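*Asks:* any chance you could fold what I've pasted below:
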Amino acid sequence: MSESPRITAIRKQDKLNRLVTEKFRVANGKVEKYKASIPAYDIEAAIIAEERQRIANAKPGDYLEGHGIFLCVWEPKDRDGNSLSQKFNVFAAPEDLQEHGERSLHGYDITVRILAKTKNFYGFDGAAYENDIEIYAALRDGSYKGEWIIPPRELLTGTAADGSPGIRESVITHMDNLYSSQQKGSFKDTFTERGARYCSSTEHRTRSGIWTIWFSNAYEAPMGKNEATYCCRPVRLEPV
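*Replies:* Now for the predicted structure:
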């Protein structure tokens with residue numbers, strides 16, 4: 001992971017602090033040399049604090065090496081609207097999910113399998129969650145470890161799981177989402193051609209399908225999991 005200039009400066013200062021310096025003192029009426037070192041501070045704590053500050057200052061679209069493209073701070077609620085009482089920094093991959101070096105474009109079930117087999121994609125593996133219900137469960141029990149996931153509807157479009165379909169007619173519950181941020185910072189021009197559908201991991205409550213969005217016209221609709229082919233922009237979560 002590359003370092004910010006401030007972290008590099010902290011490391012340099014730590015090296016200076018650890019240098020053994022030559023000093024003089026009077027002992028038994030004589031001037032003599034002795035070796036003394038400057039006490040070192042906790043460099044790891046300083047670096048962690050600096051990294052936390054770097055993330056806290058990030059705006060949607062800022063690329064942070066070792067994390068991804070910053071999207072938002074998210075306090076998830078499950079499908080029943082219950083808060084998980086957790087807060088996460090959300091980072092998106094710099095590009096859509098890849099398969100054999102090319103953009104993955106498949107039905108939902110195959111997309112899930114491809115992501116589950118993905119290794120070291122911008123430094124992190126993919127996770128094998130079938131839907132957002134499994135994601136919420138993993139967040140609750142602590143089994144989620146920062147892997148790439150298919151974004152729940154709220155992170156893809158800003159819309160709560162029970163919102164109605166339509167051209168941005170649904171109630172937006174989260175303003176910073178992939179759709180609204182698609183032309184910000186490092187997100188700009190990284191999404192696919194016009195007309196492509198992007199999938200969320202949120203299943204429709206009464207239909208056998210998942211919520212999707214056309215980035216070309218902002219139209220959200222539940223689609224059969226394997227009714228069409230979908231692009232996927234993975235995201236990952238880090239506790240705040």
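*Asks:* helices along this protein, start to end?
*Replies:* Applying DSSP state H to the chain gives helices spanning 5-18, 43-56, 108-117, 132-141, 153-157.
*Asks:* quick one: mean pLDDT over the shortest one.
*Replies:* Per-region confidence: helix 153-157 scores 95 on mean pLDDT.
*Asks:* one more: the fourth one?
*Replies:* Mean per-residue pLDDT for helix 132-141: 96.
*Asks:* packing partners of that helix?
*Replies:* Helix 132-141 is packed against strand 197-203, with contacts defined by 3 or more Cβ pairs under 8 Å, 6 or more residues apart in numbering; DSSP states H and E. C-beta: built from backbone N, CA, C; applies to glycine.
*Asks:* Throw the helices of the chain into TSV and include distance to residue 64 and mean neighbour count, thanks.
*Replies:* As requested, these are exported to TSV (distance: least, Cβ to Cβ, whole Å; neighbours: other Cβ atoms under 10 Å):
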stretch	distance to residue 64	mean neighbour count
helix 5-18	12	13
helix 43-56	7	14
helix 108-117	21	18
helix 132-141	21	17
helix 153-157	17	27
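*Asks:* now those as TSV including distance to residue 98?
*Replies:* Shown next, in TSV, are these (distance: least, Cβ to Cβ, whole Å):
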stretch	distance to residue 98
helix 5-18	30
helix 43-56	25
helix 108-117	9
helix 132-141	21
helix 153-157	18
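*Asks:* mind giving me the domain ranges of this structure?
*Replies:* Split into domains by automatic domain parsing, the chain comes to 1-57, 59-239.
*Asks:* got the end-to-end distance for the longest one?
*Replies:* By that I understand domain 59-239. End-to-end distance for domain 59-239, by Cα to Cα, to the nearest Å: 17 Å.
*Asks:* would you point out the helix or strand in the chain whose mean pLDDT is lowest?
*Replies:* When the helices and strands of the chain are compared on mean pLDDT, DSSP states H and E, strand 166-167 comes out lowest with a mean of 48.
*Asks:* for residue 74, find the nearest of the helices of the chain.
*Replies:* Set against residue 74 and scored by Cβ to Cβ, these come closest in helix 153-157, at 6.6 Å.
*Asks:* contact partners of that closest one?
*Replies:* Here helix 153-157 makes contact (Cβ atoms under 8 Å, 6 or more residues apart in numbering) with 71-72, 74, 76, 90, 132, 159-161, 163, 170, 173-174, 177-179, 198-202, 211, 213, 220, 233, 235.
*Asks:* also stretch 127-143?
*Replies:* Contacts for stretch 127-143 (Cβ under 8 Å, 6+ apart): 76, 78-79, 84, 86, 112-113, 115-116, 144, 147-150, 152-153, 161, 200-203, 210, 237.
*Asks:* just give the nearest non-adjacent residue to the spatially most central residue of the chain, would you?
*Replies:* Nearest to the mean C-alpha position of the chain, counting by Cα atoms, centre = their mean, stands residue 91 at 1.9 Å. Excluding the flanking residues, the one nearest residue 91 by Cβ to Cβ, 6 or more residues apart in numbering is residue 68, at 3.2 Å.
*Asks:* how about the one you found, what does it touch?
*Replies:* 91-94, 122, 235-236.
*Asks:* where in the protein is pLDDT low?
*Replies:* Within the chain, the segments meeting pLDDT under 70 span 1-6, 10, 13-24, 34-41, 161-170, 193-195.
*Asks:* ok, back up a step: ok, of the contacts of stretch 127-143, which come out buried?
*Replies:* Neighbour counting with 16 or more other Cβ atoms under 10 Å marks 76, 78-79, 112, 115, 144, 147-150, 152-153, 161, 200-203, 210, 237 as buried within the contacts of stretch 127-143.
*Asks:* how long is stretch 91-103 end to end?
*Replies:* Stretch 91-103 has an end-to-end distance of 19 Å (Cα to Cα).
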